[in-house]
Every structure is written in structure tokens, then in C-alpha cells.
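S.K.: Got a sequence here, can you build the structure:
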Amino acid sequence: MAPGLYVTATPIGNARDITLRALDVLAGCDLIAAEDTRVSAKILAIHGIARPLTAYNDHNGARERPKLLARLRHGARVALISDAGTPLVSDPGYKLVREALEEGVAVHAVPGASASLTALSIAGLPSDRFFFVGFLPAKSSERGTALSELKTVRATLIFFESAQRLSESLAQMAAVLGDRAVVVARELTKLHEEVRRGTLRLLAEQYASQAPPKGEVTILVGPPPEQVADNARIDQLLDQALPFMPVRAAAELIAGALELPRKDVYQRALKKKTDDN
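M.R.: Next up is the predicted model:
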């Protein structure tokens, strides 16, 4: 193995979902930097790997990062792993990778399992464009603000969520985003894997009517429905606004009121202004 930092994916559930290359890296590296050494020790034991382990996470990162960088500068081979899946995807590691690159340390990707892509592959929702959100804020007010910013994103949205907050979050998504198609994937690749499909309101009601589920939860929300512009309504509002407002300001006001793309309304306003002159 060449010196450097190896960003190494580990299974999200099923212990056999680890690549042959990842096993080689973990067995051959000088040190494994793990989000939680207790969790990582289990997967290493299953595969018969015994290498030095050190904890590296959000809580101790500021203290441990300089130590890891010092070893990397001296030619060490360090594997970075998270509790499950691909590091840096809603897991610690970004700052270590960034600073390693800034110091000229080689950073190698050892790809593998990822809960977000695993869920997307079986969801049955549009996969040509997706937006990974990760965990929403725990407070309802902050969560509502975050969801409002995602309302117009024309892509399948991927969230991680606490099982305890699942029904509450689904209900708030329905209130803010509208009653869209949703898939809730729980305990992916594990013995008690469960995938439910429906609408946000339907699944919110289902989960609210029973005891909170257990395990890791990934939520996928379909993109907003295609909006058909009511050109007659747009023209009516433009006729009222253009005599008193600049074209861009009028277009932005009307696009916001009708929840339409600003560019489309602006082009229509520009044409109307030109035709009227």
C-alpha cells in the first residue's frame, strides 16, 4: 500500500457488504481512524482483522486531527472509517480530508456501501436527480425552515432521521412540501429490513398509530409535481404590475406569488413589455 489517507467504506448492516479492496486496506494499513472504535472492532473481528484503532469523531476531531496529520506527513497509511457506510456522508471526516489535501497528503477512495444510494436504488422514485439532505434539525421550527428551503428543489430528497422522530418529521414534511410520494427504508441490509412506500400523510399516520420503530431510518421524498403555468393568470397580473414596476421586479413578485420559475415569468414579462411598446 502506498502512503496516504484511505477513505474506506464499511457495511451499513450486512457484514458481507464489504469490498475485497476494503479488506486489503484495513488489514494492511498502519492505523484505522474510526468514528467509534467499539463499533468498528466488531466488523474487524468478523473479518479477522487486527490493526491499531484510534477514535476520530466530531467530539475529539480538533484534538486528534493534528496527530493523524503528523503520522500521514511521515508516510503512514491511515484508513478512515465511520460507524457504517461511506465516511463523510453525514459522518465526520471532511476536515481531515481537506487538511490532508492541503498538506499534499495522498487521499485514496475505497468505495462501498452507502445507505442513501442503497435506499435510492430500491425506492422506485426518480433517480436521475437527487439531493442528499442528511439529518434535519431536531427542533420543529428549525426543521420547518430547512424544509421550506427544499420545497422547490426538483429532485428526489434523501434524509436520515431518528426513528423516534419519524412520524413527526413525515407529518411536517407533508405540511411544508405537500403530500408527495415517499419511501421509508429502515434497517437496510439487516435482518429486520423494512421498506414502506406511500404518501407523506399516509405514512405519517401509520407510524403515529404505532410504537416508534427501531433502527436506522432513511427517508426518500419524491420531487414536486410538475407545475403547469396558467399563462392567462400570469398575463393578467403582468398587465396590472408592469405599468408601475420594472420588468424584473414585476416578474419576481408574480413568480413568487404563483410559485413559478422566475426565469419563465421574466421572459414572458419581457416579451409583453416589448410587444406593448
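S.K.: which stretches of the stretch 51-200 of the chain form strands?
M.R.: 53-55, 77-81, 107-110, 130-135, 156-161, 181-186, 194-199 (DSSP state E, counting those that start in this stretch).
S.K.: Out of those strands, which gets nearest to residue 37?
M.R.: strand 53-55 (4.6 Å; C-beta to C-beta). Quick note: C-beta positions are derived from backbone N, CA and C, even for glycine.
S.K.: if you compare the strands of the stretch 51-200 of the chain, which one is most tucked away?
M.R.: Burial of the strands of the stretch 51-200 of the chain is given as mean neighbour count (mean count of other C-beta atoms under 10 Å); strand 77-81 ranks first at a mean of 25.
S.K.: on that earlier part again, pipe the strands of the stretch 51-200 of the chain into a markdown table and attach mean pLDDT and distance to residue 174 per row.
M.R.: Shown next, in a markdown table, are these (pLDDT from 0 to 100; distance: least, C-beta to C-beta, whole Å):
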| stretch | mean pLDDT | distance to residue 174 |
| --- | --- | --- |
| strand 53-55 | 98 | 39 |
| strand 77-81 | 98 | 36 |
| strand 107-110 | 98 | 37 |
| strand 130-135 | 97 | 16 |
| strand 156-161 | 98 | 13 |
| strand 181-186 | 98 | 9 |
| strand 194-199 | 97 | 8 |
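S.K.: Tabulate these in TSV, adding columns for distance to residue 97.
M.R.: Below are the strands of the stretch 51-200 of the chain laid out as TSV (distance: least, C-beta to C-beta, whole Å):
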stretch	distance to residue 97
strand 53-55	16
strand 77-81	8
strand 107-110	6
strand 130-135	17
strand 156-161	20
strand 181-186	27
strand 194-199	32
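S.K.: neighbours around the closest residue to residue 114 other than its chain neighbours, how many?
M.R.: Spatial nearest neighbour of residue 114, chain neighbours left out: residue 86 (4.6 Å); criterion: C-beta to C-beta, 6 or more residues apart in numbering. Neighbour count of residue 86, defined by other C-beta atoms under 10 Å: 24.
S.K.: and if you look at residue 266?
M.R.: For residue 266, the neighbour count with other C-beta under 10 Å is 17.
S.K.: Quick check: buried residues in the helix or strand hosting it?
M.R.: Using DSSP states H and E, the element containing residue 266 is helix 262-276. For helix 262-276, burial by neighbour count (16 or more other C-beta atoms under 10 Å) applies to 265, 266, 268, 269, 272.
S.K.: between those residues, which is nearest residue 213?
M.R.: For the buried residues of helix 262-276, the closest approach to residue 213 (C-beta to C-beta) belongs to residue 265, at 43.4 Å.
S.K.: So that closest one is in contact with residue 251, correct?
M.R.: Yes. Look at residue 265 against residue 251 with C-beta atoms under 8 Å: they come within range, at 4.5 Å.
S.K.: now the helices: where do they sit in the stretch 51-200 of the chain?
M.R.: 61-73, 94-102, 115-123, 140-150, 166-177, 200-208 (DSSP state H, counting those that start in this stretch).
S.K.: would you turn these into TSV with distance to residue 14 and mean pLDDT?
M.R.: Putting the helices of the stretch 51-200 of the chain into TSV (distance: least, C-beta to C-beta, whole Å; pLDDT from 0 to 100) gives the following:
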stretch	distance to residue 14	mean pLDDT
helix 61-73	29	97
helix 94-102	26	97
helix 115-123	10	97
helix 140-150	31	96
helix 166-177	22	97
helix 200-208	25	97
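S.K.: And those: which comes nearest residue 81?
M.R.: Of all the helices of the stretch 51-200 of the chain, helix 94-102 sits nearest to residue 81, with 11.9 Å by C-beta to C-beta.
S.K.: got the angle for the closest one vs strand 77-81?
M.R.: Interaxial angle of helix 94-102 relative to strand 77-81 (axes from the mean of the first three to the mean of the last three C-alpha atoms, to 10 degrees): 150 degrees.
S.K.: Residue ranges of each domain in the chain, please.
M.R.: Domains of the chain are assigned by automatic domain parsing as 4-113, 116-221, 231-276.
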